[in-house]
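Trainee: Everything below, folded, please.
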Amino acid sequence: MTTEPEFDIVVVGSGAAGMTAALTAAHLGRSAVVLEKADRYGGSTARSGGGIWIPGNAVLNRAGIRDTPALAASYLAFVTGPDVPAASRDAFLENGPAMLDLVLARTPVRMAWVPGYADYYPEAPGGVAAGRSLEPVPLNGRRLGPDLAALNPPYLPIPDGVAVTQADYRWLTLGPRHPRAMLAGAKVAGRLARRRILGHRMLTLGQALVAGLRAGLASANVPVWLSTPLTSLVVADDGRVSGVRVLRDGSPVVVRARLGVVLACGGFERNASMRAQYQQQPIGTSWTTGAVENTGDGILAGQSAGAAVGLMDDAWWGPSIPLPGGPYFCLAERSLPGCVLVNGAGQRFVNESAPYVDAVHAMYDGGGSGEPYVPAWLVFDQRYRDTYVFAGRPPGRALPKRWYAGEAVFRSDSLGSLAEATGIDGAGLAKTVARFNEFAASGRDPDFQRGDSAYDRYYGDPRCRPNPNLAPLAKAPYYAVKIVPGDLGTKGGLRTDERARVLRPDESVISGLYAAGNASASVMGHSYAGAGATIGPAMTFGYIAVRDAAGAS
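Mentor: Here you go, the predicted model:
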């Protein structure tokens, strides 16, 4: 008879939520295993910027960020509105700092405040213009030993040895002639030099976070089983979830959980049928940067056990360029002065510098018409191209021919011919650019208030005055870049309570079953508090789940 392996806590998924859950179990003296579908660990976290948004944590306190629990609660209530129960918001705010303390104590992960990266709504009640976001300090991947080889790669390829932080990225986008960009470039070059001299393998962003968590699990002797996909949950006659069924080495295996199962295996961004069922068209699995293995396995398994779902229509959206090699998630590009985002009628419809979730909500809203603005178009001139980095390409350098061949980018000597090539209404585009150029001259955008918020200005150009987000489009040739509703992953999933317990439609608890990260309906509701508001709550609810299962909460 085959022995079924048994642990106190069974965690499905090896992203930040899952590994934090397993780390918490080890800290509490409980046995745990992490089961990962892919042949690499890290999931979407390893592909991400690795930011963490957790108000009131020790790193922010040391950085001198002035905050209070009341301000954080007020802000999160504003961001989420009525979509998230107050108890869940409070659980996140109360447990987040302790979770981070645990991670810092039990792993080589170190975090730093990202200076000036404002909350996404800094002018709202409780918002912080200086920002509450943290990012991982660069980590030497050699600390992982042979486990380094199984780290999921970042979503954008990075030249070997080059280590760029979020704080660097802000300035590097401004082009090599900007003094702060030169300083950031020197820091990156310094890391590269140290790597060559000392033999380090410096990791940043989500790579550093995941590598540090994996090193912590290795130190705690927590096993991570790769290539072990979930097939279903084991549900006892009384309705309690007591384990999972997986495939290991191609064979069915039951893994028993004495205390609980934590589903932290991502969203359903790569599942075309689920996206078609729950989300607005047009939608595509090719527009996401989420891990390719994220096909909603945990959500489907939970539903089969009677779980309710929520927020399934939403995602961690971001305007993205559908490049031939995969989508490029537009972050700084929309905020830099000298570009406009227009619909097919050539009209602006949103503050180009708005938080990325809001920008895509505006695309799908279609001005209330019911007809989404998909694709939309980011239009800019040669001055913009000569000044700023665009989608990783240095200023002034010709954009790749394959981008034009794939009709993701168009270029023309006049706005009229650009409109003709793209199908944008020419008269509408000409009128929009003329009006926008007047705004740029005055420094105020009365239509969409671009540049009024501290968040807008973070990715602006401080050399551009009087508004760091506004400059005219006046120098031919002109460019139009196709924009589609991409995402970092879906944000809908299994409904949970403030203890991360999975709920049925009648609000009753499915005993033994927990969910965190994108396998659960987000505590952010339909919005997004700040950079890292995906990973910060994911880690926190992984921590909460295990403490509850272990009776430590």
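
Trainee: residue closest to the middle of the protein?
Mentor: Closest residue to the average C-alpha location of the chain: residue 488 at 4.8 Å, with Cα atoms, centre = their mean.

Trainee: leaving aside the residues next to it on the chain, what's closest to that residue?
Mentor: residue 316 (4.0 Å; Cβ to Cβ, 6 or more residues apart in numbering). C-beta here means a position set from N, CA and C on the backbone, and glycine is covered the same way.

Trainee: what about residue 238, how many residues close to it?
Mentor: Other residues within reach of residue 238, judged by other Cβ atoms under 10 Å, total 8.

Trainee: Excluding chain neighbours, give the residue nearest to it in space.
Mentor: residue 511 (7.6 Å).

Trainee: quick one: secondary structure of that neighbour?
Mentor: Three-state assignment for residue 511 (DSSP: H, G, I helix; E, B strand; the rest coil): strand.

Trainee: shouldn't it be in contact with residue 233?
Mentor: No - applying Cβ atoms under 8 Å, one finds residue 511 not in contact with residue 233, separated by 11.9 Å.

Trainee: the more surrounded of these two?
Mentor: Per other Cβ under 10 Å, whichever of residue 511 and residue 233 has more neighbours is residue 233, with 24 against 15.

Trainee: can you list contacts of the strand or helix carrying that one?
Mentor: In this structure, residue 233 sits in strand 230-235 according to DSSP states H and E. Here strand 230-235 makes contact (Cβ atoms under 8 Å, 6 or more residues apart in numbering) with 12, 35, 37, 241-247, 252, 254, 256, 261, 265, 297-298, 301-302, 304-305, 513.

Trainee: hmm, 7 Å instead?
Mentor: 12, 35, 37, 241-247, 254, 261, 265, 297-298, 301, 304-305 (Cβ atoms under 7 Å, 6 or more residues apart in numbering).

Trainee: quick one on the thing from earlier: show the contacting residues for the residue nearest to residue 238.
Mentor: 239-241.

Trainee: quick one: it from residue 540, how far?
Mentor: Distance, residue 511 to residue 540, by Cβ to Cβ, to the nearest Å: 22 Å.

Trainee: can you check residue 408 too?
Mentor: In terms of Cβ to Cβ, residue 408 sits 37 Å off from residue 540.

Trainee: Please say which of the two ends up with more neighbours.
Mentor: Taking other Cβ under 10 Å, residue 408 and residue 540 do not tie; residue 540 has more neighbours (27 against 23).

Trainee: That one and residue 92 touch, don't they?
Mentor: Yes - Residue 540 is within contact range of residue 92, at 5.4 Å (criterion: Cβ atoms under 7 Å).

Trainee: tell me the helices in the stretch 1-150 of the chain, going along the chain?
Mentor: 16-27, 43-47, 58-63, 69-80, 86-106 (DSSP state H, counting those that start in this stretch).

Trainee: quick one on the thing from earlier: buried only: go through the contacts of strand 230-235 for me.
Mentor: 12, 35, 37, 241-244, 246, 254, 261, 265, 297-298, 301, 305 (16 or more other Cβ atoms under 10 Å).

Trainee: Nearest to residue 28 among those residues?
Mentor: Nearest to residue 28 among these: residue 261, at 16.2 Å, using Cβ to Cβ.

Trainee: I'd like the distance between the closest one and residue 301.
Mentor: With Cβ to Cβ as the criterion, residue 261 and residue 301 are 9 Å apart.

Trainee: Report the beta-bridge partner residues of residue 321.
Mentor: Counting by DSSP bridges, residue 321 forms beta bridges with residue 328.

Trainee: how is the protein carved up into domains?
Mentor: The chain breaks down into these domains under automatic domain parsing: 1-161+201-314+491-553, 317-487.

Trainee: Looking at these, which is nearest to residue 170?
Mentor: domain 317-487 (6.6 Å).

Trainee: Please compute how far that closest one lies from its chain's middle.
Mentor: What separates the centre of domain 317-487 from the centre of its chain is 21 Å, taken as Cα atoms, centre = their mean, to the nearest Å.

Trainee: Stretch 198-210 now?
Mentor: Offset of stretch 198-210 from its chain centre (Cα atoms, centre = their mean): 18 Å.

Trainee: The helix or strand of the chain with the lowest mean pLDDT packs against which elements?
Mentor: None of the helices or strands of the chain scores lower by mean pLDDT, DSSP states H and E than helix 179-198, at a mean of 75. Other helices and strands packing on helix 179-198, by 3 or more Cβ pairs under 7 Å, 6 or more residues apart in numbering; DSSP states H and E, are helix 166-172.

Trainee: what about 8 Å?
Mentor: Under the contact definition 3 or more Cβ pairs under 8 Å, 6 or more residues apart in numbering; DSSP states H and E, helix 179-198 sits against helix 166-172, strand 202-203.

Trainee: CA atoms only: put whichever helix or strand comes after the shortest one into CSV for me.
Mentor: Looking back up the chat, that one is strand 202-203. Later in the chain than strand 202-203, the nearest helix or strand by DSSP H and E is helix 205-219. The C-alpha coordinates for helix 205-219 follow below in CSV (Å, rounded to 0.1, in the frame of the first residue of the first chain):
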residue,chain,number,x,y,z
LEU,A,205,12.7,43.2,-7.9
GLY,A,206,10.5,40.0,-7.7
GLN,A,207,13.5,37.8,-8.3
ALA,A,208,15.1,39.1,-5.1
LEU,A,209,12.0,38.6,-3.1
VAL,A,210,11.3,35.1,-4.3
ALA,A,211,15.0,34.0,-4.0
GLY,A,212,15.1,35.3,-0.4
LEU,A,213,11.9,33.5,0.5
ARG,A,214,13.1,30.3,-1.1
ALA,A,215,16.4,30.6,0.9
GLY,A,216,14.3,31.0,4.1
LEU,A,217,12.4,27.8,3.3
ALA,A,218,15.6,25.9,2.6
SER,A,219,17.0,27.0,6.0
